[in-house]
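Chemist: Output the structure for:
(one chain, ligands or ions: 2)
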Amino acid sequence: HATLPTPDHTRVFTVSNQKGGVGKTTTTVNIGAALARSGARVLVIDLDPQGNASTALGVEHHSDVPSVYDVLIDDFPLADVVQQSPEFPTLFCAPSTIHLAGAEIELVSQVAREHRLRTALEQFIQDAEEPFHYVLIDCPPSLGLLTINAFVAAKEVLIPIQCEYYALEGLSQLLSSIQLIQRHLNPGLAVSTILLTMYDGRTNLAQQVAQDVRDHFSGQVLESVIPRAVRISEAPSFGQSVISYDPTSLGAVSYLEAAAEIANRWAAGSSDTPDTNHPE
Ligand code: ADP
Ligand code: MG
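Modeler: Ligands and ions are numbered 1, 2, ... in the order given. The predicted structure is shown next:
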């Protein structure tokens, strides 16, 4: 397996888009697995009460399993809930359980409610025996306190965009929310990476949307595009990323390429301090 450059600090991404079904979880899991396959140490944090990332990574997340809920609400150290994924020895997951559904409400009355994940993650990174290269946070499709915790804990935002008609409309709403977070809670946050997902190059619409996104966000959009591919949608039911499920499939190869770009861009010195001024 090709080795990729590893960053000299932990790159923390939140994978966000307030739309559901755009490929957030699929992207979190497969970029995480692709980076881990190259030998990087990767932590996926499942912040979605649906627990789809935990399922796709094959880690236990039934209601008795210690989870991100315990970290956010009961001050458990993150290290106490992290599990190793069965897929790659350097891939780890902090699972979500059904309890997380209540955390959105329970957080409202907590002290430092927006900073709880950040505090836990900083401690985890500091205490880790071997350094982590990447943390990827999978967000629910809403802009509630769970997603805000992810925005505050992260340095980089990875936005998956599905190449369809309303893609750009939802995007401006997401960017305004990110600007609010930058202003009030996390000035260091930047949209470093945009990934076009579920791309069907046979349709004019997909080509047009992809071009519009590239025109607006030239520096952030990855060259690699994720095609709509059956193998990608099958993999989670086997508790696997597509990277292990079918490593030579088009879906796996495209996620491997996207992950390589993410790693190489940092090495080229661009993505650590991305342009935070979004053209309107
Ligand atoms: P989100 O987390 O944004 O809600 P998901 O990653 O769960 O979105 O994807 C939504 C659905 O689309 C899932 O059933 C997933 O398996 C499927 N899917 C995601 N990406 C692809 C793809 N590139 N090709 C085919 N199906 C995909
Ligand atoms: Mg999801």
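
Chemist: So Lys19, which state does it fall into?
Modeler: Using DSSP: H, G, I helix; E, B strand; the rest coil, the secondary structure recorded for Lys19 is coil.

Chemist: how about the closest residue to it other than its chain neighbours, what does it touch?
Modeler: Closest residue to Lys19 apart from its sequence neighbours, by CB to CB, 6 or more residues apart in numbering: Gly170 at 4.9 Å. Placement of C-beta: from N, CA and C, glycine included. With contacts defined as CB atoms under 8 Å, 6 or more residues apart in numbering, Gly170 is in contact with Asn17, Gln18, Lys19.

Chemist: thought the first one was touching Ser177?
Modeler: No - because the distance of 10.7 Å does not satisfy CB atoms under 8 Å, Asn17 is recorded as not touching Ser177.

Chemist: Which pLDDT value does the model give the nearest residue to Ala229 once chain neighbours are set aside?
Modeler: Distances taken as CB to CB, 6+ apart put Gly251 closest to Ala229, at 3.6 Å, once the chain neighbours are dropped. Note on Gly251: pLDDT of 98.

Chemist: Can we start the residue count at 4 from this point?
Modeler: I'll keep to 4 as the first residue from here, and by that count the last item is Gly254.

Chemist: Alpha carbons of the helix or strand where Gly254 lies, in CSV - could you do that?
Modeler: Assigned by DSSP states H and E, Gly254 belongs to helix 253-270. Provided in CSV are the C-alpha atoms of helix 253-270 (Å, rounded to 0.1, in the frame of the first residue of the first chain):
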residue,chain,number,x,y,z
LEU,A,253,-14.2,2.1,-8.5
GLY,A,254,-15.8,3.3,-5.3
ALA,A,255,-12.8,2.2,-3.2
VAL,A,256,-10.3,3.5,-5.6
SER,A,257,-11.9,6.9,-5.7
TYR,A,258,-12.0,7.2,-1.9
LEU,A,259,-8.3,6.1,-1.8
GLU,A,260,-7.5,8.9,-4.3
ALA,A,261,-9.5,11.5,-2.3
ALA,A,262,-7.7,10.4,0.9
ALA,A,263,-4.3,10.7,-0.8
GLU,A,264,-5.2,14.2,-2.0
ILE,A,265,-6.2,15.2,1.6
ALA,A,266,-2.8,13.9,2.9
ASN,A,267,-0.7,15.3,0.1
ARG,A,268,-2.4,18.8,0.2
TRP,A,269,-1.3,19.1,3.8
ALA,A,270,2.2,18.1,2.8
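
Chemist: How many residues are close by Pro8?
Modeler: 15 (other CB atoms under 10 Å).

Chemist: Quick check: closest non-adjacent residue to it.
Modeler: Ala270 (3.7 Å).

Chemist: helix or strand for the one residue in the chain that gets nearest to ligand 2, which one?
Modeler: Going by CB to the ion, ligand 2 is nearest to Thr28 of the chain, at 3.3 Å. Using DSSP H and E, the element containing Thr28 is helix 27-40.

Chemist: Tell me the first helix or strand C-terminal of that helix.
Modeler: Remark: after helix 27-40, the chain's next helix or strand is strand 45-49, criterion DSSP H and E.

Chemist: Which other helices and strands does that next one contact?
Modeler: When contacts are defined as 3 or more CB pairs under 8 Å, 6 or more residues apart in numbering; DSSP states H and E, strand 45-49 packs onto helix 27-40, helix 55-59, strand 94-97, helix 119-130, strand 137-141.

Chemist: Could I get the average pLDDT for that strand?
Modeler: Here the average pLDDT along strand 45-49 is 98.

Chemist: now do stretch 10-30
Modeler: 95.
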